[in-house]
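Participant: Structure for the following, please:
(2 chains)
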Amino acid sequence: MAGGAASGGSSAADTYAGARNWLLMPSWVVLIVFVLAPVCMMLIYSFLTKEFRGGVIWEFSLKAYDQFFCDRGLFGDEPCAIEWTYITIFWRSIWQAGAATILSLIIGFPTAYFIATRPERTRAMWVFLITIPYWVNLLIRTVSMKFLLRDQGPLNDFLISIGLIDSPLHIINTNLAVQLGLFYSYLPFMVLPIYASVERYNFALSEAAADLYATKWTTLRRILLPAVKPGVIAGCILVFVPSLGAFLAPDLLGGAKNFMIGSLIEEQFKGNAGNWPFGAAASMILLTMVLIILLIFARQQRKAEATS
Amino acid sequence: MSAKTDVKTYSGFKFMTLLCLVILYAPLIVVTVYSFNASKSITVWEGLSLRWYADVFVGPESGKFKQAAINSFVIAIVAATISTTIATLAATAIVRGGKFRLRTASLGLISLPLMVPEIVTAVALLIFYNSIGFDRGLLTILVAHIAFCIPFAYLPIQARMQGIEDTYEQAAMDLYATKAQAFRRVLLPLMMPGIISGFLLAFIVSLDDFIITNFVKGAGVETLPTAIFGSVKQGLKPNIMAISTMLLAVSIVMVTISYFVSKSDNTK
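Facilitator: Numbers count the residues shown, from 1 in each chain, chains lettered A, B, ... in the order given. As a prediction, the model looks like this:
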């Protein structure tokens, strides 16, 4: 029973097996040419020599990766010591994205559950309410957040007027502002997949657990959570991954001290630093990290499916 | 029935849901309210006025915003149409193509734009366009948008198709419908809600995109997000709030359409 709910109906319907190569062709062509090939090109660029006005010289070099990991002193001739500047930026990004994910899970899970357990007639309306902000332009949402969190902004005005604080909280240009911004940006991404899996969940299982004297929280933890785990994991990925490489929230809410990977990379291509191979190398490192995370999640999910 | 609801209810979850809604809506409502502010300053409230809306349409920056809006909508419509078509075909092969060797690879390829962080895709595309000597402009933005919109269009379509048993097509073919007819007359209508929501999702994702567009756009070519970003970097101004509120209204209208489309669907 539980296994049937988890596998999500991957039937072996083969009505269009004969035409499948033709049907798949457009997606293969577009994605290989405009996603896969560019990523390979980026990998090559990360091993080239930088050209000062942006761009590259076609000459093999490990300089980009060396610059990322090695501190070679003022004149660049010392043996490699660990360069902390960029590792710190990456670490901060992981931490910020993780905090945003946890925050989204805390708010998103109960919300998704609550919506999925509404009568079927009103469910669509609840999903609709959650979806509206998800359709609003990310840039606009981030700008709204900036406006709301300002020192003289509506949030501080409100908190002062109800007497919770005396002087404005300095939220903008802090780590907290970035976390709130990321959380706010991707919260609907957490709710929707969890909602989808709770909606498919067979509540007879919870009833059976209750009949066997399990408390509500035990039922939630031992019966419901394992069954909806794929949805929870999907939600966490959908929040964490875009947060990790986010550019808008750290750029608009974080200020100069709260630099994240996205800004570091952007600077290599847009700003004055202009080091394409280094930007490509930083992107490759970010991509590798994300792929490792996804691989671990995928493996766990397969394991969860096999055991349930 | 009442025992069933009891098992389902957890105290505190309703509060969290309301909190979630407040968090999601508060910033948007605040910006909407302040877009009607008469004051030149974004901090002080001086009463209701439409002056910033007038400013968007006839003010000093109106030309820039108008061109950006046209670019954004044209790109979004074309990119969403093409990517939804591609996604529908791919979903048919993957859900109705039986078991085949490249199934997992195809799924992986389609979800690639979701797995690769947006900024990495942006860098990769910039490098790719640069290395093949493709001049950056509207076309480079459009092609990029088609590629990364495919998974967003694909997911609702696949979800929908998995929910439709293949007995419908089988029945049609038992009654001498060809495969093409079964697809067009039976499967496609049943899939329509998925296709429409895929299209709308792709449309919004394209309209929404800032990072990739910012990397692959040519000099002087702006879409709404890049124009707004450029403006915000110079400080929060009330006319940005007016534009934001209008875009917000566009999003709400679109999502309302999609809501009624899925509501009018009684096939299930």
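Participant: Residue A:61 contacts residue A:276, correct?
Facilitator: No - using CB atoms under 8 Å, residue A:61 makes no contact with residue A:276, being 11.7 Å away. Where you see a C-beta, it was placed from the backbone N, CA and C, and this is true even at glycine.
Participant: For those two, indicate the residue with more neighbours.
Facilitator: residue A:276 (24 against 15; other CB atoms under 10 Å in any protein chain shown).
Participant: residues touching that one, list them.
Facilitator: A:45, A:48, A:50-51, A:54-56, A:268-269, B:127 (CB atoms under 8 Å, 6 or more residues apart in numbering or on different chains).
Participant: Just flag the most distant two among the residues you listed.
Facilitator: Taking every pair in those and measuring CB to CB, the maximum separation is 14.4 Å, between A:48 and A:269.
Participant: Look at these two and report which has more neighbours.
Facilitator: residue A:269 (23 against 19).
Participant: wait, isn't the more buried one in contact with residue B:126?
Facilitator: Yes - Residue A:269 is within contact range of residue B:126, at 6.2 Å (criterion: CB under 8 Å).
Participant: Now for these two: what residues contact both?
Facilitator: Here residue A:269 and residue B:126 have residue B:215 as joint contacts, going by CB under 8 Å, 6+ apart.
Participant: hmm, back to that, can you list residues touching both of residue A:61 and residue A:276?
Facilitator: Shared contacts of residue A:61 and residue A:276, counting by CB under 8 Å, 6+ apart, come down to residue A:48.
Participant: which residues of the stretch 51-200 of chain B score low on pLDDT?
Facilitator: Residues of the stretch 51-200 of chain B meeting the criterion pLDDT under 70: none.
Participant: what are the ranges of the helices in it?
Facilitator: B:51-58, B:62-96, B:103-115, B:118-132, B:138-162, B:167-174, B:179-181, B:188-208 (DSSP state H, counting those that start in this stretch).
Participant: what would those look like in JSON lines with distance to chain A?
Facilitator: Below are the helices of the stretch 51-200 of chain B laid out as JSON lines (distance: least, CB to the nearest CB, whole Å):
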{"stretch": "helix B:51-58", "distance to chain A": "14"}
{"stretch": "helix B:62-96", "distance to chain A": "4"}
{"stretch": "helix B:103-115", "distance to chain A": "5"}
{"stretch": "helix B:118-132", "distance to chain A": "4"}
{"stretch": "helix B:138-162", "distance to chain A": "4"}
{"stretch": "helix B:167-174", "distance to chain A": "5"}
{"stretch": "helix B:179-181", "distance to chain A": "7"}
{"stretch": "helix B:188-208", "distance to chain A": "5"}
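Participant: Dump the ones you listed to CSV, plus mean neighbour count.
Facilitator: Listed next are these as CSV, based on neighbours: other CB atoms under 10 Å in any protein chain shown:
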stretch, mean neighbour count
helix B:51-58, 16
helix B:62-96, 21
helix B:103-115, 18
helix B:118-132, 25
helix B:138-162, 24
helix B:167-174, 15
helix B:179-181, 13
helix B:188-208, 22
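Participant: a markdown table please, covering those helices and showing distance to residue A:82.
Facilitator: Below are these laid out as a markdown table (distance: least, CB to CB, whole Å):
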| stretch | distance to residue A:82 |
| --- | --- |
| helix B:51-58 | 51 |
| helix B:62-96 | 44 |
| helix B:103-115 | 29 |
| helix B:118-132 | 24 |
| helix B:138-162 | 35 |
| helix B:167-174 | 61 |
| helix B:179-181 | 61 |
| helix B:188-208 | 39 |
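Participant: Out of those helices, which is closest to residue A:216?
Facilitator: So among the helices of the stretch 51-200 of chain B, helix B:138-162 is nearest, using CB to CB, at 30.0 Å.
Participant: And the closest one, how far out from the chain middle?
Facilitator: 9 Å (CA atoms, centre = their mean, to the nearest Å).
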